[in-house]
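Participant: Make a model of this:
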Amino acid sequence: MYGRGERFIRYDYYDEFYFIPADYVAAVRRAGGVPLLLPPGETNWQRWLDVTDGIIVIGGADVSPEHYGGNNNHPNLTELDAERDASEIRLVQELVEHEQQPFLAICRGMQVLNVALGGTLHEHVADTLPEDIHRGAGGQGWAIQPLTATGLMADVMGSADVTTYSGHHQAVKRVADGLAVVATAADGIIEALQVSDHPWAFAVQWHPEKSAENDPTQQRLFDELVAQARRSMSY
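Facilitator: Numbers count the residues shown, from 1 in each chain. Prediction:
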């Protein structure tokens, strides 16, 4: 879930909110799963893992550069959320270390995964490329871009060539040990990662939930996550 200070929601009775875009919930339900919303701030993630069968680490604001030796003063950083950073980094480390259940990391979630395992990020993709193809015009809204995936990532989606919705200004720079690149954009930006020694753990830089209702290749990411979660329950 988005952190309590990550977005401003105007409401007369409360000052802070945890929230999640409904598209994520809908994609899990179409896959036959029951979505549980896990708010940042938990210090004992094992308690959450005891009552869940699979995890999605969703998109959101930037990961603080302090976690990967980046530039804390970069002018293009969004609002940071220390509570969410701490919670999700520890959660992902638990998921990778203990291999208890399948997980899918999306956009910020992919960046969290890479940082949690020792990788680094581009603070602002537009600094390194002649053209920013990962956001809409003027850096606002969605960019629709084709991608080519490889290996099991392509098998999961049922196609190596897919069309995705992106809206990110950060991206993986140095890939952490234990992660394999399974999709890249036309400009070389890393678009998907797989945890090499995990039974089922993927990360995508794009937003599959945005088009999953009408694009089977994107819905299959959620379908397979739920299917893998059911299999892990039987062990």
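
Participant: Wait, a strand at Thr148?
Facilitator: Yes: the assignment for Thr148 (DSSP: H, G, I helix; E, B strand; the rest coil) places it in a strand.

Participant: For it, give me its contacts.
Facilitator: Counting by C-beta atoms under 8 Å, 6 or more residues apart in numbering, Thr148 makes contact with Ala160, Asp161, Ala183, Thr184. Heads up, the C-betas are built off the backbone N, CA and C, glycines and all.

Participant: Show the buried residues in these.
Facilitator: Neighbour counting with 16 or more other C-beta atoms under 10 Å marks Ala183, Thr184 as buried within the contacts of Thr148.

Participant: In strands, which of the contacts of Thr148 appear?
Facilitator: Asp161, Ala183, Thr184 (DSSP state E).

Participant: Quick check: closest non-adjacent residue to the first one.
Facilitator: This points to Asp161. Leaving aside its sequence neighbours, Asp161 sits nearest to Thr148 (C-beta to C-beta, 6 or more residues apart in numbering; 5.5 Å).

Participant: Check the second one too.
Facilitator: Counting by C-beta to C-beta, 6+ apart, Ala192 is the residue found nearest to Ala183 once chain neighbours are left out, at 3.5 Å.

Participant: Would you indicate which residues of the helix or strand of the chain with the lowest mean pLDDT are buried?
Facilitator: Ranked by mean pLDDT, DSSP states H and E, the weakest helix or strand in the chain is helix 45-49, scoring a mean of 84. Of all the residues in helix 45-49, those buried under the rule 16+ other C-beta under 10 Å are Trp45, Leu49.

Participant: Give me the contact list for that helix.
Facilitator: For helix 45-49, the surrounding residues in contact (C-beta under 8 Å, 6+ apart) are Leu38, Glu42, Ile55, Ser87, Arg90, Leu91, Glu94, Leu95, His98, Gln100, Gln101.

Participant: Skipping adjacent residues, who's closest to Ala86 in space?
Facilitator: Using C-beta to C-beta, 6+ apart, the nearest residue to Ala86 is Pro40, at 7.9 Å.

Participant: just Asp215 next, same as before
Facilitator: Thr163 (7.3 Å).

Participant: Just to check, the one you found is in contact with Gln145?
Facilitator: Yes: taking contacts as C-beta atoms under 8 Å, Thr163 lies within contact range of Gln145: 7.2 Å.

Participant: Who has more neighbours out of these two?
Facilitator: Higher neighbour count among Thr163 and Gln145: Gln145, with 18 against 14, using other C-beta atoms under 10 Å.

Participant: Tell me how far that one lies from Arg174.
Facilitator: Distance, Gln145 to Arg174, using C-beta to C-beta, to the nearest Å: 23 Å.

Participant: pLDDT weak spots in this protein?
Facilitator: 234-235 (pLDDT under 70).

Participant: what are the ranges of the strands in it?
Facilitator: 55-57, 103-106, 121-122, 143-149, 161-166, 171-172, 179-184, 190-195, 201-204.

Participant: Including distance to Glu224, could those strands go into CSV?
Facilitator: Output for the strands of the chain, formatted as CSV (distance: least, C-beta to C-beta, whole Å):
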stretch, distance to Glu224
strand 55-57, 12
strand 103-106, 9
strand 121-122, 27
strand 143-149, 13
strand 161-166, 14
strand 171-172, 22
strand 179-184, 14
strand 190-195, 13
strand 201-204, 9
